[in-house]
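Engineer: Provide a 3D model corresponding to the input given below.
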Amino acid sequence: MSETWIDIDDEALEDAMRLARVKAQDDMVNLALREYVERCRRTEARLRHLQITRGRGEAMASRPSEA
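Structural biologist: Take a look at the predicted model:
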C-alpha cells in the first residue's frame, strides 16, 4: 500500500466515518474507494446487460412473424 497526501473535506470525512462506523481516516478512504470501484463495475455490468437485451429485442423485432 502506498502513502499519499491529499486534501479532504473534513466535514464530509467525519460524516462518512460516522455513517460507516469507521474510526480511522485511512480505513474510510480505502472503504470509499473500494465501494466506488464496485459501484462502477455494477453500472458497467448493467449497461452491458442492457445492450445485450436491447440487441436481442431488435433481433426479435426484425424476424418475420410466424402466422
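Engineer: CA atoms for contacts and neighbours, from now on please.
Structural biologist: Fine.
Engineer: So for the lowest-mean-pLDDT helix or strand in the chain, what gets flagged as buried?
Structural biologist: Lowest mean confidence among the helices and strands of the chain (mean pLDDT, DSSP states H and E): helix 25-62, at a mean of 90. Using 16 or more other Cα atoms under 10 Å as the test for burial, helix 25-62 gives 28-29.
Engineer: Mind giving me the packing neighbours of that helix?
Structural biologist: The contact analysis (3 or more Cα pairs under 8 Å, 6 or more residues apart in numbering; DSSP states H and E) places helix 25-62 against helix 10-20.
Engineer: Now the helix it packs on: average pLDDT?
Structural biologist: The pLDDT scores in helix 10-20 average 98.
Engineer: For the remainder of this discussion, apply numbering that starts at 516.
Structural biologist: Right, with 516 as the first residue, what we last looked at is helix 525-535.
Engineer: Show me what it is packed up against.
Structural biologist: Using 3+ Cα pairs under 8 Å, 6+ apart, the elements in contact with helix 525-535 are helix 540-577.
Engineer: any idea of the angle the helix it packs on forms with helix 525-535?
Structural biologist: 80 degrees (axes from the mean of the first three to the mean of the last three Cα atoms, to 10 degrees).
Engineer: quick one: stretch 527-538 to chain centroid distance?
Structural biologist: Offset of stretch 527-538 from its chain centre (Cα atoms, centre = their mean, to the nearest Å): 19 Å.
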